[in-house]
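K.L.:
Take this sequence and fold it.
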Amino acid sequence: MALVVQTFPQTAGANSYGDVAGFKAHHDLRLQSYTAYTDPQILAAVVAATEYLDMRFAYNGWKTFAEQTTEFPRNDLYNARGDLVQGVPTQVVKATYEYAIRWLRNGFTLVPDPEQDASGRSLKATQVDVGPISERKEYSEFGGYKLPEYPYPDNLLKAQGFVASGKSGGIRSLPTARG
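P.N.:
Numbers count the residues shown, from 1 in each chain. Now for the predicted structure:
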């Protein structure tokens, strides 16, 4: 896989907000070990983390070009202080590296497939007793799937005011005039 890092102005065909060297530098500063993983695994993690970050939330503002392959950079994006943000924000790159380490540690996934029974319904819990035999299944209350929460990287984005909502039918903000 070829790594194409998103920059500003936007890079055609970009598939990542960071690279292997940036990943290592970020986690070295935080004394987090990644030595169990190869550079190709870290590369895959950074790409997967970018994909996850882009699907995780609806963001304020809008893409700078309709054809761009990532959610950032964005037009009309303001941080929590009301400052106009251009390019790919530092917090987006940091969140990418944080999601990437979680992807590696979680068995190369950030979004595990939901546990289902033979009927296809999502299971919340199962219980099997061996003697005398009994079985109990508890199903999820709703048919939808809730993305797992990763508090640190999620809040890197939310605290800056970049997130309009989770992608569960939320409302995206429209361009606003700021003074």
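K.L.:
So Pro132 versus Phe57, what's the distance?
P.N.:
49 Å (C-beta to C-beta, to the nearest Å). C-betas here are computed from N, CA, C, even on glycine.
K.L.:
Which of these two has more residues huddled nearby?
P.N.:
Phe57 (19 against 5; other C-beta atoms under 10 Å).
K.L.:
Without its sequence neighbours, what residue ends up closest to the more buried one?
P.N.:
Setting aside the residues directly before and after it, Phe57 is nearest to Val163 in space (C-beta to C-beta, 6 or more residues apart in numbering), at 4.6 Å.
K.L.:
At which residues are the helices of the protein located?
P.N.:
20-29, 39-56, 90-105, 151-159 (DSSP state H).
K.L.:
avg pLDDT for the last one?
P.N.:
What that stands for is helix 151-159. The average pLDDT for helix 151-159 rounds to 94.
K.L.:
got it, and the third one?
P.N.:
The predicted model gives helix 90-105 an average pLDDT of 98.
K.L.:
and it with helix 20-29, angle?
P.N.:
90 degrees (axes from the mean of the first three to the mean of the last three C-alpha atoms, to 10 degrees).
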